[in-house]
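A.B. asks: 3D, please:
(one chain, ligands or ions: 1)
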Amino acid sequence: MLNLVLFGPPGAGKGTQSQKLIDHYQLVHISTGDLFRGHISNQTELGQQVSKLIADGELVPDSITIAMLEEEINKNRGAKGFIFDGFPRTVAQAQALDDFLESKRSNITGVIALDVTEEELTTRIAKRKAISNRADDDSEKLKKRIEEYFNKTIHVLPYYEEQGKLTKVNGIGDIEDIFAQIRQIVDRLTS
Ligand code: AMP
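C.D. replies: Below is the predicted model of the structure:
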């Protein structure tokens with residue numbers, strides 16, 4: 001299996017690059033943000049539980065997020081592999097993912113971290129706001145999301161670095177150039 005984590009702050013381009021990776025490697029895309037938004041628009045019980053946290057730009061508790069992710073992996077038993085986008089966002093989530101994959105005799109192949117400055121992120125999300133209709137792209141909420149990233153999510157990087165799985169890619173530049181770099185990394189991981 002080819003299991004990739006696409007890592008980076010809000011607005012780093014994870015969604016865009018994930019889409020390209022899925023098309024190229026035929027992987028199943030798991031975006032916890034998309035899953036939560038699906039629950040909210042379908043007004044499920046889970047959606048009701050998490051909607052305020054998401055609207056406020058705060059992280060959803062690990063227990064809820066991990067359970068939802070595991071269910072999604074289980075739904076895709078025949079998959080060649082997965083792209084995890086927006087997960088893990090805490091060290092506890094990273095550990096839970098490792099344990100869960102190990103129980104299925106699998107593991108994370110590699111982690112690609114998109115490196116983007118805070119200034120660039122703010123500009124990008126302001127542009128995205130105009131078309132995305134996401135309440136959490138609002139400037140105050142965005143500030144909170146970036147804060148959550150630098151307080152909690154950034155600690156996931158050393159976790160994977162210690163495992164020798166982390167590769168950083170400059171996330172500023174032409175989308176195709178960034179994708180070409182990611183492809184090179186993935187091809188090296190699988191050769
Ligand atoms: P995203 O689309 O990845 O930016 O996620 C949107 C929002 O969903 C985040 O700001 C969090 O509130 C929530 N969320 C998504 N993924 C996670 C996660 N792995 N852990 C906790 N909360 C998450």
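A.B. asks: per-residue pLDDT, the residue of the chain found nearest the ligand?
C.D. replies: Going by Cβ to the nearest ligand atom, the ligand is nearest to G33 of the chain, at 2.0 Å. In this view, the C-beta of every residue, glycine as well, is placed from N, C-alpha and C. Note on G33: pLDDT of 95.
A.B. asks: show me what counts as buried in the lowest-mean-pLDDT helix or strand in the chain.
C.D. replies: When each helix and strand of the chain is scored by mean pLDDT, DSSP states H and E, helix 118-132 comes last, with a mean of 84. For helix 118-132, the neighbour count (16 or more other Cβ atoms under 10 Å) marks 121, 124-125, 128-129 as buried.
A.B. asks: what does stretch 180-191 give?
C.D. replies: Neighbour-count burial for stretch 180-191, counted by 16+ other Cβ under 10 Å, picks out 181-182, 185-186.
A.B. asks: can you list contacts of that stretch?
C.D. replies: Identification of contacts with stretch 180-191 by Cβ atoms under 8 Å, 6 or more residues apart in numbering yields 2, 4, 17, 20-21, 24-25, 109-110, 112, 167, 169-170.
A.B. asks: ranges for the strands of the chain?
C.D. replies: Assigned by DSSP state E, the chain shows strands spanning 2-7, 28-31, 81-85, 110-115, 166-170.
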